[in-house]
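1. Only the shape, not the letters, is given here:
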């Protein structure tokens, strides 16, 4: 029902609207903006306020988009704006709707979710750029938003983004360099999402290498797999112990929790990751696995490795690596030279495989030799950096 106005208020509305229709075009948006700001000033009695609201409502039908934009610009950010005006503006032309969608606190999550699902990319960007974006709205952007909307969401410090939404954006746009960069800059990036980004990048590099005929496809697969495994072990080394199960479960689901990866982790001294991975694969409590590893109970550990589905020959490698790790840990507590530490473990495992010719053992030994070469290069680079600094 239309509000009841006194005669004087009705006259104000009539005169203003008549003036807007006849005023010079460049003055109409200015007048509409001024009216909107005056409405929000709260310096008027109820009757005048109602009159001004009516005038603003009629302006929604004005043929000039500049006038409607001016109304949106004046009102959109205020919680005191008439809701029906904001909702109407949110369905206007894109550049007008973007103002309402990007600023108005009157729009609720369910409305914003519906808009993201049906809107064009510029309007999705407007929603993703709001001063405050709830995890619910962020989830809708992550699920159906276009690439630029996801980038806007990641750049928005006022957005609450759940880990599952970060994961979904990587699944959809992990091949995009700008999105990967924005993700990697986030301090709240979980280890499993970080690893997903690494895997996307590795796949892209592998495809590029093959497409340019730099190496064979088989060689490219080996190089990218080693690079991805190396990065994964590095990520795991920086991951809090409580967060390791989520990372290893992600690796298991995606088929990356391989024997080679676990052996690489042990040889790098990341026994926590090995224990978490073995516990997930064998469906055994991680504390039990940790107790067996730390105590050197080989027979029980062999049974768990078998339950985890690891190859029979792999246990010899794990056993040699863990024996060497325990010995060095007992002698030095915390090894000062991590490259020597790694080299000793790798040498022990390779020696254990020296007389074995079965295919998988040979593959593991080859992987370890590549790993040892990587470690040697890293050690040389670090030595050169220290020498230059000195």
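-> Great, that's in hand. Predicted model, so just to flag it, every value in this text is computed and none were measured.
2. Where does the residue nearest to residue 241 when sequence neighbours are not counted fall, secondary structure wise?
-> Excluding its sequence neighbours, the residue lying closest to residue 241 (C-beta to C-beta, 6 or more residues apart in numbering) is residue 272, at 5.8 Å. For every residue, glycine as well, the C-beta is placed using N, CA and C. Per DSSP states H and E: residue 272 is located in helix 271-282.
3. Determine how far that helix lies from the middle of the whole chain.
-> How far helix 271-282 lies from its chain's middle: 25 Å, per C-alpha atoms, centre = their mean, to the nearest Å.
4. name the helices or strands packed onto it?
-> helix 217-237, helix 244-253, helix 259-267, helix 286-295, helix 298-307, helix 314-332 (3 or more C-beta pairs under 8 Å, 6 or more residues apart in numbering; DSSP states H and E).
5. Can you tell me which residue is spatially central in this protein?
-> Note on the chain: the residue nearest the mean C-alpha position is residue 166, at 3.3 Å, using C-alpha atoms, centre = their mean.
6. Low-confidence ranges, the stretch 1-150 of the chain, go.
-> 1-15, 17, 20, 22 (pLDDT under 70).
7. Which parts of it are strands?
-> Assigned strands in the stretch 1-150 of the chain: none (criterion: DSSP state E, counting those that start in this stretch).
8. what about the helices in it?
-> 7-22, 28-40, 46-59, 65-75, 83-89, 94-103, 109-118, 121-128, 135-144, 147-155 (DSSP state H, counting those that start in this stretch).
9. For the third one, could you pull out the residues that count as buried?
-> By neighbour count with 16 or more other C-beta atoms under 10 Å, helix 46-59 contains the buried residues 47-57, 59.
10. Helix 28-40 and that one, what's the angle between them?
-> 150 degrees (axes from the mean of the first three to the mean of the last three C-alpha atoms, to 10 degrees).
11. thinking again about what came up before, what's in contact with the helix holding residue 272?
-> 233, 236-237, 239, 241, 244-245, 247-249, 251-252, 257, 261-262, 265-266, 284-286, 288-290, 293, 304-305, 307-310, 318, 322, 325 (C-beta atoms under 8 Å, 6 or more residues apart in numbering).
12. For the helices of the stretch 1-150 of the chain, could you give me a markdown table that also reports distance to residue 202?
-> Shown next, in a markdown table, are the helices of the stretch 1-150 of the chain (distance: least, C-beta to C-beta, whole Å):
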| stretch | distance to residue 202 |
| --- | --- |
| helix 7-22 | 61 |
| helix 28-40 | 53 |
| helix 46-59 | 56 |
| helix 65-75 | 46 |
| helix 83-89 | 46 |
| helix 94-103 | 37 |
| helix 109-118 | 31 |
| helix 121-128 | 28 |
| helix 135-144 | 23 |
| helix 147-155 | 21 |
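13. picking up where we left off before, closest one to residue 190 out of the buried residues of helix 46-59, please.
-> Checking the buried residues of helix 46-59 against residue 190 by C-beta to C-beta gives residue 56 as the nearest, at 46.5 Å.
14. still on that earlier bit, now list the buried members of the contacts of helix 271-282.
-> 233, 236, 239, 244, 247-248, 251, 257, 261-262, 265-266, 284, 286, 289-290, 293, 304-305, 308, 310, 318, 322, 325.
15. list the contacts for residue 319?
-> By C-beta under 8 Å, 6+ apart, the contact list for residue 319 reads 298, 301-302, 352.
16. Which pair in these has the greatest spatial separation?
-> 301 and 352 (15.0 Å).
17. one step back: from residue 103, how far out is the residue nearest to the centre of the chain?
-> 25 Å (C-beta to C-beta, to the nearest Å).
18. what's the answer for residue 229, then?
-> 47 Å.
19. again, but for residue 324
-> For residue 324 relative to residue 103 (C-beta to C-beta), the value is 62 Å.
20. what number of residues lie near residue 202?
-> 20 (other C-beta atoms under 10 Å).
21. Good, wrapping up.
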